[in-house]
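predicted coordinates and the sequence they were generated for:
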Amino acid sequence: MASNAPVLILLGPPGAGKGTQARMLEEDFGLVQLSTGDMLRAAVASGTEAGRKAKAVMEAGQLVSDDIVLAILKDRMSQPDVAKGIILDGFPRTDGQAAALDGLLSANGQKVTAAISLEVDDEAMVGRVSGRYTCACGEGYHDQFKQPAKAGTCDKCGGTSFKRRADDNAETVRERLKAYHAQTAPLIAYYEGKGVLQKIDAMGAIADIRTALGQIVQGVAA
Ligand code: ADP
Ligand code: ZN
């Protein structure tokens, strides 16, 4: 990665909109989204050793071990397309991951540019996450909040193949929220201590959050 390339972290509980906003930042700023959740789901789907180990842990709403996550992330960060800068979505999630990230970056003369905390109400997250599904093209939908204009057909690509994540049910979301508060929320103070924390209200409309995030990113990374 180029040593002046921005390294942005999106922090927030499941359902806060990290993935949605990361994809928009890719479009708006030419950065690359690195979602450890997506990487782990790909590993599960392709049946790698890491994927076999991660599967049950993810279905229970717990965190996959730092070893597995770090190996997958390091591998991804060694690919050439990350040169323009990255948006980390769902990583780091533990103290150990945050320390490892700092080490990885400092070896390259870099540090975290900004950690942006998406501030939301927990109870709303259960409803948001437990109705969501995705088109094969990546477009996201929701049983209550965002159905396609024509039932069963993606607005964006016209496709008819949708999927739901195995962990997007109310019970597992509650476990994921617990894991977030116990293990990940402390990172907000960690990045505050480093002077790189920004907080934004993420309960509003997707477009408004996109604008607010864009202003922050422009301030630190443009
Ligand atoms: P969400 O933020 O909505 O929970 P993710 O796709 O980021 O969704 O993560 C889904 C699951 O993948 C997590 O519940 C966890 O089991 C695993 N996971 C993803 N990223 C990490 C990480 N950095 N460390 C440990 N486990 C992770
Ligand atoms: Zn689609």
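Nice, I can see it. Numbers count the residues shown, from 1 in each chain. Ligands and ions are numbered 1, 2, ... in the order given.

and the residue of the chain closest to ligand 1?
residue 37 (1.8 Å; Cβ to the nearest ligand atom). To be clear about C-beta, it is placed using only N, CA and C from the backbone, and glycine gets the same treatment.

confirm that residue sits in a helix?
Yes. The assignment for residue 37 is a helix, going by DSSP: H, G, I helix; E, B strand; the rest coil.

now the strands: where do they sit in the chain?
7-11, 32-35, 86-89, 114-119, 132-135, 140-142, 162-163, 197-201 (DSSP state E).

as JSON lines, the ones you listed with distance to residue 49 and mean neighbour count would be great.
Formatted as JSON lines, these follow (distance: least, Cβ to Cβ, whole Å; neighbours: other Cβ atoms under 10 Å):
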{"stretch": "strand 7-11", "distance to residue 49": "27", "mean neighbour count": "25"}
{"stretch": "strand 32-35", "distance to residue 49": "20", "mean neighbour count": "21"}
{"stretch": "strand 86-89", "distance to residue 49": "24", "mean neighbour count": "24"}
{"stretch": "strand 114-119", "distance to residue 49": "31", "mean neighbour count": "21"}
{"stretch": "strand 132-135", "distance to residue 49": "26", "mean neighbour count": "18"}
{"stretch": "strand 140-142", "distance to residue 49": "30", "mean neighbour count": "16"}
{"stretch": "strand 162-163", "distance to residue 49": "24", "mean neighbour count": "12"}
{"stretch": "strand 197-201", "distance to residue 49": "36", "mean neighbour count": "16"}
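
residues near residue 26, how many?
15 (other Cβ atoms under 10 Å).

pretty sure it contacts residue 85?
No. At 10.2 Å, residue 26 and residue 85 do not qualify as touching, with contact defined as Cβ atoms under 8 Å.
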